[in-house]
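K.L.:
Just need the structure, nothing else, for what follows:
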Amino acid sequence: MKIDGVIVVEGKSDVAFLSNFIEAEFVTTNGSEIPESTIDYLKEISDKSAIYVLTDPDSPGEKIRAKLNETIPNLKHCFVKKANSIKNGKVGVAESTKEEVLEALKNAITTKENKNSNLTMSDLNTLGLTGTSDSSQLRERVANKFHLGHCNAKTFLKRLNYCDITIDELKKIL
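P.N.:
Model prediction:
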C-alpha cells in the first residue's frame, strides 16, 4: 500500500514492521520526548502533506498524540485496537497485524475543532458513557464503531466532536 503523506510512529521497530507492507515516509518520535526538530519538520510540511499519527495504544502513545495536536493542525489519527496489538506481553504498533494497521489507516480521523459539534460531558453521562460501572465498556463499543481508539471519557468526548458524531448516532449504537 502506498500512502501519500507522512506516517508518524514511535520507533524503529514500528518503521521496520510497517515498511513490509506500506510505502510511505516515516517519521519517528523516539518515544514521548519528541525532539523540537521533529515537531518543526512536521509543522513545516503540514500544509503540503497529510500527516498520519500511528502511535501505540497506551499512555505514552496518547501523550505523543496530545503533544502533536498542540502545535500541528489537521493531523490524521489512526488507532490500532489494543486487543489486536499485543505480542509477547508488549503492546504496540509493531505488535499489531497488517490488517489492523490498514484498517486504522483507512479509518483515520482528522483533528480539527468543529464549531458544529456540541456533545457535552453531560450528554455522555445521560447516555451512561460516564458515571456507571459499565461506562468504560460502552465507550469502548462506541469507540470501536467509529475507530476512535481506546481513551478516557474526556478524550472520548473530544474525539466524538472531532468526528461530528451526534447524540442520535450514539443512541443508535447504544
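K.L.:
Per the annotation, how does the protein divide into domains?
P.N.:
Domain ranges of the chain: 1-112, 113-174, per automatic domain parsing.
K.L.:
which stretch in these has the least confidence?
P.N.:
Least confident of the domains of the chain, judged by mean pLDDT, is domain 113-174 with a mean of 89.
K.L.:
Could you check how far that one is from the centre of its chain?
P.N.:
Remark: domain 113-174 is offset 15 Å from the chain centroid, using Cα atoms, centre = their mean, to the nearest Å.
K.L.:
got it, and stretch 39-51?
P.N.:
17 Å.
K.L.:
Enumerate every residue touching residue 6.
P.N.:
Residues in contact with residue 6 (Cβ atoms under 8 Å, 6 or more residues apart in numbering) are 24-27, 42, 45, 49-52. In this view, the C-beta of every residue, glycine as well, is placed from N, C-alpha and C.
K.L.:
May I have stretch 148-161 exported as PDB, CA atoms only?
P.N.:
Provided in PDB are the C-alpha atoms of stretch 148-161 (Å, rounded to 0.1, in the frame of the first residue of the first chain):
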ATOM      1  CA  LEU A 148     -11.700   6.400  17.900                       C
ATOM      2  CA  GLY A 149      -9.200   4.200  19.700                       C
ATOM      3  CA  HIS A 150      -9.200   3.400  23.400                       C
ATOM      4  CA  CYS A 151      -9.500   6.600  25.600                       C
ATOM      5  CA  ASN A 152     -10.800   8.100  28.800                       C
ATOM      6  CA  ALA A 153     -14.100  10.000  28.900                       C
ATOM      7  CA  LYS A 154     -12.600  13.400  28.300                       C
ATOM      8  CA  THR A 155     -10.600  12.300  25.200                       C
ATOM      9  CA  PHE A 156     -13.600  10.300  24.000                       C
ATOM     10  CA  LEU A 157     -15.800  13.400  24.100                       C
ATOM     11  CA  LYS A 158     -13.100  15.400  22.200                       C
ATOM     12  CA  ARG A 159     -12.800  12.700  19.500                       C
ATOM     13  CA  LEU A 160     -16.600  12.400  19.100                       C
ATOM     14  CA  ASN A 161     -16.800  16.100  18.500                       C
END
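K.L.:
what sits against the nearest residue to residue 96 once chain neighbours are set aside?
P.N.:
Leaving aside its sequence neighbours, residue 96 sits nearest to residue 85 (Cβ to Cβ, 6 or more residues apart in numbering; 4.0 Å). Contacts for residue 85 (Cβ under 8 Å, 6+ apart) come out as 56-57, 91-93, 95-96, 100.
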